[in-house]
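Engineer: Build the 3D model from these lines:
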Amino acid sequence: MEVTEANLQLLAGYLQQTLSADPNVRRPAEKLLESTELQQNYPILLLNLIDKAQMDMTTRVAGAIAFKNYVKRNWAAHLDSDGPDRIHESDRNTIKTLIVTLMLHSPVALQKQLSDAVSIIGKHDFPKKWPQLIDEMVERFASGDFNVINGVLQTAHSLFKRYRFEFKSQALWEEIKFVLDRMAKPLTDLLQATMQLTKVHENNAEALKVIYGSLVLVNKVFFSLNSQDLPEFFEDNMNTWMGAFIQQLAADVPSLRTGDDEDAGVLEHLRAQVCENICLYAKKYDEEFKPFMEQFVTAVWELLVKTSLQTKYDALVSHALQFLSVVAERQHYQNIFENPEILAQICDKVVIPNLDIRPSDEEIFEDSPEEYIRRDIEGSDIDTRRRAACDLVKTLSINFEQKIFGIFGQYLEILLTKYKENPTANWRSKDTAIYLVTSWASRGGTQKHGITQTSELVPLPEFCAQQIIPELERPNINEIPVLKAAAIKYIMVFRSILGPQVLANCLPQLIRHLPAESPVVHSYAACSVEKILTMRDASNAIVFGPQVLGPHATQLVSGLFATLSLPGSGENEYVMKAIMRSFSVLQSASMPFMGVALPRLTEILAQVAKNPSRPNFNHYLFETLALCIKIVCQADASAVSSFEEALFPVFQGILQQDIVEFMPYVFQMLSVLLEVREGSGSIPEPYWALFPCLLSPALWDRTGNVTPLIRLISAFIKQGSAQIHALGKLSGILGIFQKMIASKANDHEGFYLLQNLLSYYPAAEIQPNLRQIFGLLFQRLSLSKTPKYISGIIVFFSFYVIKYSGGQLAQMIDEIQPGMFGMLLDRVFITEMGKVPKEQDRKMVAVGVTKLLTETPEMLQQQYSAFWPRLLHSLIDLFERPPEKLKGLEIGESAGVAEDPDAGYQVAFAQLTHAQPNQKDHLAEITDARQFLATSLSKFAQSRAGELPTLLAPLEPEYKQVLQKYCDQSGVRIA
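Structural biologist: Numbers count the residues shown, from 1 in each chain. Below you'll find the predicted structure:
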């Protein structure tokens with residue numbers, strides 16, 4: 001692809017089409033760009049388009065976003081898959097040569113996208129493959145042009161912010177040191193020069209805005225560079241930095257004050273970042289920060305007292321309150337808070353005002369319910385005053401419990417009395433009271449269980465009975481919705497403390513609030529019901545089982561489905577999750593509702609497939625459908641055809657229209673339906689119509705499809721191998737195996753597919769391909785072995801020994817290269833088999849190795865007999881020692897595939913809990929692998945008299961003792 005004017009115009013046209021609201025225009029353009037992005041010069045063409053000043057700005061921004069996503073998708077893709085590099089080397093070098101300069105002279109809208117692209121490239125290439133980047137950036141500090149300087153700082157911020165959360169490692173230390181050696185002094189010099197410029201330009205509002213914007217970015221970079229440890233340079237220059245921070249907290253520039261109540265201006269951003277920086281120092285480097293602590297506490301306190309309640313100050317107040325919380329936690333600063341007068345002042349002037357619900361909060365409650373919920377119960381990243389005030393209350397009540405109890409007790413009484421005087425007018429006082437009790441009583445908890453530890457001084461069940469339940473019992477469920485939501489949240493948060501009896505009384509009230517008009521109220525009601533239904537007692541039994549839920553089931557299920565018809569809640573994730581949980585608890589008792597539920601769920605699926613926009617809702621929708629299939633088909637397996645009839649048209653539409661978000665779910669659902677059919681005859685025709693499409697390479701390029709597709713293909717192999725052979729599709733399946741085994745991320749899927757082929761495909765058909773398959777396995781082992789791959793190959797070869805024989809394994813491997821079987825034993829089995837992590841796999845290895853030892857004549861031949869005692873030694877280690885934990889060995893421990901945040905938008909695989917594959921134990925008849933070893937050795941000793949003592953002779957005495965113990969426990973003799 002040449003960089004020509006004609007190609008630029010062509011690219012611009014396609015980028016414009018990707019912005020179209022019409023999917024018939026947008027999707028083909030997106031696909032075309034995706035198909036051409038791997039051509040040489042494509043990224044260079046994009047950069048030229050972005051740089052073209054006469055090009056329409058919308059197109060340039062679309063180009064910048066496309067470039068950033070291109071970098072995300074492709075820059076490091078080859079490192080994972082061991083596949084070819086998707087970006088030509090010359091393109092990589094040209095990008096790194098052009099991008100910094102291009103970014104720095106671009107308008108702000110483009111600068112942000114290009115800055116992100118630099119940080120993605122930097123994550124993989126900096127510093128080793130791009131050492132000149134920092135020098136190139138630092139040089140620009142001397143330009144004096146603050147638009148350029150801010151571009152550099154923005155890039156530095158994007159590049160270094162990962163230091164805030166990355167795990168400590170030698171490589172990370174070396175990188176940070178590399179950066180500090182080049183950046184710490186120039187950054188400090190820039191800070192001092194910029195602080196000086198605030199005075200020089202004090203009468204120039206435009207200049208001040210840019211200068212203070214630079215200070216914000218300088219502070220952000222400072223935070224990142226100090227996040228892992230306190231750098232020596234910054235420790236030596238603490239006076240400079242802390243002095244600047246004090247000045248910045250005190251700075252009040254009238255020309256920079258914004259008239260907007262909502263959006264924070266540059267001064268608010270600056271002070272918020274200063275509070276974040278000093279909070280970091282107070283938390284991690286309190287010894288070095290100690291000399292500055294008192295003046296910062298005073299400065300922050302004064303700032304809080306004079307800061308009003310407008311939304312634009314939220315981040316500032318939140319970080320300031322967090323700083324006070326950190327200080328109050330530290331033993332050696334507690335004297336600051338010991339004085340009851342100071343505590344009373346903190347409560348009066350800082351805590352209570354920031355716990356109160358403000359008009360802006362009420363506005364969000366009504367106009368942006370999702371945002372309100374996200375901030376209130378989801379713990380979003382957005383800093384809210386309420387949350388920070390709650391954290392401060394919690395810290396103070398832990399460290400000064402008795403004193404705080406008296407002070408907050410008085411406030412609580414005042415607030416509740418005020419509410420009682422006029423509930424309609426003073427409901428906000430009760431809302432504040434509920435928040436105060438929640439934060440004051442909480443001591444610790446988890447997302448799963450809510451608050452589990454509380455202050456003994458706060459009588460939570462009593463408060464619930466007197467103040468919370470009466471709110472929920474009011475006849476009008478739409479009255480004062482903010483207060484209703486706070487009351488429901490109280491039950492949700494303290495569910496583990498209130499006890500089953502209180503919750504059983506609350507359950508009907510929560511169900512009664514499902515039809516509430518307010519999205520927040522009915523979402524909280526659904527969320528609370530769902531969380532209560534997940535509760536388990538000490539014996540891990542469900543607290544609210546079908547017997548308890550049964551009497552409320554009709555009202556609950558009909559209420560939840562009715563809620564999905566309310567305005568703004570058509571795709572409410574809390575409601576769908578509660579439907580799923582209700583059916584999960586009710587199990588067969590949910591059957592009477594299926595006649596109404598299934599058509600409704602199918603209708604919802606068809607609707608959301610047109611424009612998938614709520615990932616959580618969609619996930620729980622598929623979970624619910626999978627659960628319904630499970631419940632109904634357990635009662636009547638033939639009902640599977642009804643599900644197929646209802647769901648196949650929707651699934652076909654999703655696959656034909658390439659709805660990528662839903663494909664991993666559809667493949668899981670098809671697997672579930674096919675697995676239900678197992679043993680009931682041949683696979684119906686509609687599945688076979690779909691089968692050739694499943695082998696399409698484009699599907700396998702999407703990481704989220706891989707795991708569910710492997711499972712689906714395996715289900716076809718298990719039930720329809722004769723038909724696959726008739727269709728001539730074995731070579732396509734082997735092509736998929738080859739792709740999987742070459743990938744570090746997916747090699748375990750390749751082994752799973754291969755096991756299924758050997759288990760269910762006609763042996764005569766698969767046999768001619770085995771030599772080539774083994775060749776691929778050894779090729780990967782020699783070129784790119786990882787702990788996970790070695791574990792996989794050991795398990796597979798053990799399976800092969802069990803399925804066929806150790807003799808066939810030895811013969812096959814030695815045909816590839818004479819003597820290679822011995823190398824496999826020596827370098828793989830003997831040294832590595834103890835590292836196989838999963839229990840079922842360890843049993844497979846134990847049985848396979850036992851068969852090698854006792855049923856494989858080749859093991860007794862001269863060239864391999866020396867490995868016999870060593871292999872037995874390793875097998876005893878496998879039994880007696882726990883598996884070694886090695887990075888990269890665990891497969892599928894999380895609900896989905898771990899995502900690289902910089903990998904670009906890829907639909908991830910999320911395993912449906914109610915569509916889990918059945919784990920087949922190929923060795924179900926062998927319950928104790930140690931016993932199997934002992935009995936196998938006993939048979940070996942009888943069949944080959946006199947040989948075993950010679951083979952056991954090199955074994956160390958303690959290993960012989962362990963072996964004898966196995967024999968005693970199994971009641972057999974080997975000597």
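
Engineer: Only C-alpha atoms from now on, for both contacts and neighbour counts.
Structural biologist: OK.

Engineer: Buried residues in stretch 822-832, which are they?
Structural biologist: The neighbour-count check on stretch 822-832 (16 or more other Cα atoms under 10 Å) flags 822, 824-826, 828-830, 832 as buried.

Engineer: ugh, wrong one, stretch 586-593
Structural biologist: Residues 586-590 are the ones in stretch 586-593 that count as buried (16+ other Cα under 10 Å).

Engineer: Return the subset of the buried residues of stretch 822-832 lying in helices.
Structural biologist: Judged by DSSP state H, helices contain the following of the buried residues of stretch 822-832: 822, 824, 830, 832.

Engineer: which one of these sits closest to residue 188?
Structural biologist: The closest of those to residue 188 turns out to be residue 832 (Cα to Cα; 51.4 Å).

Engineer: quick one, what contacts the closest one?
Structural biologist: By Cα atoms under 8 Å, 6 or more residues apart in numbering, the contact list for residue 832 reads 790-791.

Engineer: same thing with residue 134?
Structural biologist: 179, 182-183.

Engineer: That one: helix or strand, and which one exactly?
Structural biologist: Secondary structure from DSSP states H and E places residue 134 in helix 132-139.

Engineer: So for that helix, mean pLDDT?
Structural biologist: Averaging pLDDT along helix 132-139 gives 88.

Engineer: Just the buried positions in that helix, please.
Structural biologist: 133-134, 137-138.

Engineer: from those, which is closest to residue 54?
Structural biologist: Residue 54 lies nearest to residue 137 out of those, by Cα to Cα, at 27.3 Å.

Engineer: Pull the distance from stretch 550-559 to the chain's centre.
Structural biologist: 33 Å (Cα atoms, centre = their mean, to the nearest Å).

Engineer: Can you tell me what sits against it?
Structural biologist: By Cα under 8 Å, 6+ apart, stretch 550-559 touches 508, 511, 514-515, 579, 582, 586, 589, 593.

Engineer: again, but for stretch 731-741
Structural biologist: The contact list for stretch 731-741, computed with Cα under 8 Å, 6+ apart, reads 695, 746-751, 753-754, 776-777, 780.

Engineer: Among the ones in helices among the buried residues of stretch 822-832, which one sits closest to residue 95?
Structural biologist: Of these, the one sitting nearest to residue 95 (Cα to Cα) turns out to be residue 832, at 42.8 Å.

Engineer: I'd like the ones in helices among the buried residues of stretch 822-832 laid out as JSON lines, including distance to residue 335.
Structural biologist: Listed next are those as JSON lines, based on distance: Cα to Cα, whole Å:
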{"residue": "822", "distance to residue 335": "72"}
{"residue": "824", "distance to residue 335": "67"}
{"residue": "830", "distance to residue 335": "62"}
{"residue": "832", "distance to residue 335": "58"}
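
Engineer: nearest to residue 630, of those?
Structural biologist: Closest approach to residue 630 among those (Cα to Cα): residue 832, at 39.8 Å.

Engineer: Mind pulling up the pLDDT for that closest one?
Structural biologist: At residue 832 the predicted local distance difference test score is 94.

Engineer: how far away is it from residue 791?
Structural biologist: Computed with Cα to Cα, to the nearest Å, the distance linking residue 832 and residue 791 is 8 Å.

Engineer: tell me the pLDDT at residue 80?
Structural biologist: So residue 80 comes in at 60 (pLDDT).

Engineer: ugh, wrong one, I meant residue 381
Structural biologist: 48.

Engineer: Buried ones in the helix ranked longest in the chain, by neighbour count?
Structural biologist: Scanning the chain for the helix with the most residues, using DSSP H, yields helix 170-200. When burial is assessed from 16+ other Cα under 10 Å, helix 170-200 yields the following buried residues: 176, 179-180, 183-184, 186-188, 190-191, 194-195, 198.

Engineer: again, but for stretch 222-241
Structural biologist: Buried positions in stretch 222-241, judged by neighbour count with 16+ other Cα under 10 Å: 222-228, 234, 241.

Engineer: cool, stretch 867-879 as well?
Structural biologist: Buried, per 16+ other Cα under 10 Å, within stretch 867-879: 867-876, 878-879.

Engineer: now do stretch 722-734
Structural biologist: Buried-residue list, stretch 722-734, by 16+ other Cα under 10 Å: 724, 729-730, 733-734.

Engineer: gap between the two ends of it?
Structural biologist: 16 Å.

Engineer: How far does it sit from its chain's centre?
Structural biologist: For stretch 722-734 - counting by Cα atoms, centre = their mean - the centre lies 37 Å from the chain centre.

Engineer: and what of stretch 842-851?
Structural biologist: 35 Å.

Engineer: for stretch 740-750, same thing?
Structural biologist: 21 Å.

Engineer: so for it, what's the average pLDDT?
Structural biologist: For stretch 740-750, the per-residue pLDDT averages 92.

Engineer: and what of stretch 654-668?
Structural biologist: Averaged over stretch 654-668, pLDDT sits at 92.

Engineer: who touches it?
Structural biologist: Contacts with stretch 654-668, where a contact means Cα under 8 Å, 6+ apart, come from 609, 612, 622, 651, 704-705, 708-709, 711-712, 907, 909-910, 912, 915.

Engineer: picking up where we left off before, next secondary structure after the longest helix of the chain?
Structural biologist: Assignment by DSSP H and E places the next element after helix 170-200 at helix 205-226.

Engineer: tell me what that following helix is packed against?
Structural biologist: helix 146-160, helix 170-200, helix 266-284 (3 or more Cα pairs under 8 Å, 6 or more residues apart in numbering; DSSP states H and E).

Engineer: nearest to residue 761, of the ones you listed?
Structural biologist: The nearest among these, by Cα to Cα, is helix 170-200 at 47.3 Å.

Engineer: tell me the angle that closest one makes with helix 132-139.
Structural biologist: 10 degrees (axes from the mean of the first three to the mean of the last three Cα atoms, to 10 degrees).

Engineer: Which elements pack onto helix 170-200?
Structural biologist: The contact analysis (3+ Cα pairs under 8 Å, 6+ apart) places helix 170-200 against helix 132-139, helix 205-226, helix 232-236, helix 238-250.

Engineer: Mean pLDDT lowest where, among those helices?
Structural biologist: Least confidently modelled of the helices and strands packed on helix 170-200 is helix 132-139, at a mean of 88 by mean pLDDT.

Engineer: okay, that one in CSV with CA atoms only?
Structural biologist: Included here for helix 132-139 are C-alpha records, laid out as CSV according to Å, rounded to 0.1, in the frame of the first residue of the first chain:
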residue,chain,number,x,y,z
GLN,A,132,15.8,7.5,22.7
LEU,A,133,12.2,8.2,23.6
ILE,A,134,12.9,9.9,27.0
ASP,A,135,15.8,12.0,25.7
GLU,A,136,13.6,13.1,22.8
MET,A,137,10.8,14.1,25.3
VAL,A,138,13.1,15.8,27.8
GLU,A,139,14.7,17.9,25.1
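
Engineer: Figure out how far it is from the centre of its chain.
Structural biologist: For helix 132-139, the distance to the chain centre is 34 Å (Cα atoms, centre = their mean).

Engineer: What of stretch 479-490?
Structural biologist: Counting by Cα atoms, centre = their mean, stretch 479-490 comes out at 31 Å from the chain centroid.
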